[in-house]
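Colleague: got a predicted structure plus its sequence, pasted below:
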Amino acid sequence: MHQDSRGFTIVEMMIVVVILGIMAMIVVPKFGASADESRESALAVDFSSACRQIELYKHQHGNRGPEINESGARDTANFINRMIGRTTSEGKLDPTGRFGPYLMEWPTNPFVDGAAASQIKFGQNALPARDGTTGWYYSWALRKLYINSLQGGADLSSP
């Protein structure tokens, strides 16, 4: 009696699995690096756009930044609202205001998790601590926006 074998032996299957494993070890890290590069690129574009729009806001509001309300007082709670809404020339939020919106939505920092990714930390320091507690840092001293993530955007600076 002759047995007709048409299947693969266990050794042949093991060789295929090992080859696939080696190929995966080579290819997967390249995809991971591409994902980080994509996040870095998106962060750079969003950061640049936000900085340009803050400068435009200052120009249109008599050198007053979006952190200052119509009375001249510091109003960080409405910073983002002034960037995504309409304002009067004094900086008062007004849906019929002449200026804005400067951004359709405030950008998120892809290197910060959760709701904190779109939040701004305000402070006197010229440079952020880069603690990652929020996606962004705004210096009152310099009136500039910075990236506030532990990674991503290390070589970017506000104009």
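Modeller: Yep, that arrived.
Colleague: ok, the most centrally placed residue in the chain - contacts?
Modeller: The chain has residue 109 as the residue nearest its centroid, 2.1 Å off, counting by Cα atoms, centre = their mean. Residue 109 makes contacts with 43, 46, 117-118, 135-136, 147-149, 152-153, as judged by Cβ atoms under 8 Å, 6 or more residues apart in numbering. The way it works is simple: take the backbone N, C-alpha and C, and place the C-beta from them, glycine included.
Colleague: dump those into TSV; add pLDDT and neighbour count as well.
Modeller: Shown next, in TSV, are these (pLDDT from 0 to 100; neighbours: other Cβ atoms under 10 Å):
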residue	pLDDT	neighbour count
43	93	22
46	95	20
117	95	17
118	96	16
135	94	29
136	94	27
147	92	25
148	90	25
149	85	25
152	68	21
153	65	21
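Colleague: closest to residue 97 among those residues?
Modeller: Among the contacts of residue 109, residue 118 lies closest to residue 97 (Cβ to Cβ), at 22.6 Å.
Colleague: three-state assignment of the nearest residue to that closest one once chain neighbours are set aside?
Modeller: Of all residues not flanking residue 118 in the chain, residue 108 sits nearest, at 4.4 Å (Cβ to Cβ, 6 or more residues apart in numbering). Put simply, residue 108 is coil when judged by DSSP: H, G, I helix; E, B strand; the rest coil.
Colleague: ok now do residue 108, which residues does it touch?
Modeller: Contacts of residue 108 (Cβ under 8 Å, 6+ apart): 46, 117-118, 135.
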